[in-house]
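Here is my input, please return the structure:
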Amino acid sequence: MSIIDTSTNMLINTDQYKDTKIKQIAENANNKKDDKELLKACQEFEAIFTHMLLKAMRSTVPESELIEKTTATEIFEDMYDQELATTLSKGQNGLGIAQMLYNQMKRYI
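Numbering: from 1, shown residues only. Sure thing, here's the model as predicted:
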């Protein structure tokens, strides 16, 4: 039996697909989805860790009298650090923590 794939307009021979083959394809797709979710979780962990690092580093900088330290300034700095951490963790390699976690955890999932 043959069907037409509407996305590619190609004729597909369905005889080559057996139940085991279809199950294997579905499992591979599910694993790829799980891999993406695992990588995303690792990147989020790296972002949290990076935010903590930035916050700790910012606390070591002495306060200046040039700019008054208000609640608004503190909120802005914290939001900036959070966004910076998120951007860094989703970059090409980030700090590398997310990739190391992903490689380690992928073995067990």
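
Run through the strands of the chain in chain order.
2-5, 10-13 (DSSP state E).

Please work out the average pLDDT along the last one.
Which is strand 10-13. For strand 10-13, the mean pLDDT works out to 52.

With stretch 74-86 instead?
Rounded mean pLDDT across stretch 74-86 is 92.

Can you list the buried residues in that stretch?
Neighbour counts over stretch 74-86 (16 or more other Cβ atoms under 10 Å) mark 81-82, 85-86 as buried. Where you see a C-beta, it was placed from the backbone N, CA and C, and this is true even at glycine.

Flag the shaky bits of this protein, pLDDT-wise.
For the chain, the stretches flagged by pLDDT under 70 are 1-31.

Kindly reformat the buried residues of stretch 74-86 as CSV containing distance to Leu66.
CSV is the format used below for the buried residues of stretch 74-86 (distance: Cβ to Cβ, whole Å):
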residue, distance to Leu66
Asp81, 20
Gln82, 24
Ala85, 26
Thr86, 29
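
With respect to Phe49, which of the residues you listed is nearest?
Comparing the buried residues of stretch 74-86 against Phe49 with Cβ to Cβ places Ala85 closest, at 8.0 Å.

Relative to Lys55, how far out is the residue sitting nearest the centre point of the chain?
Centroid check for the chain by Cα atoms, centre = their mean gives Lys40 as the closest residue, at 2.5 Å. Here the criterion is Cβ to Cβ, to the nearest Å. By it, Lys40 lies 23 Å from Lys55.
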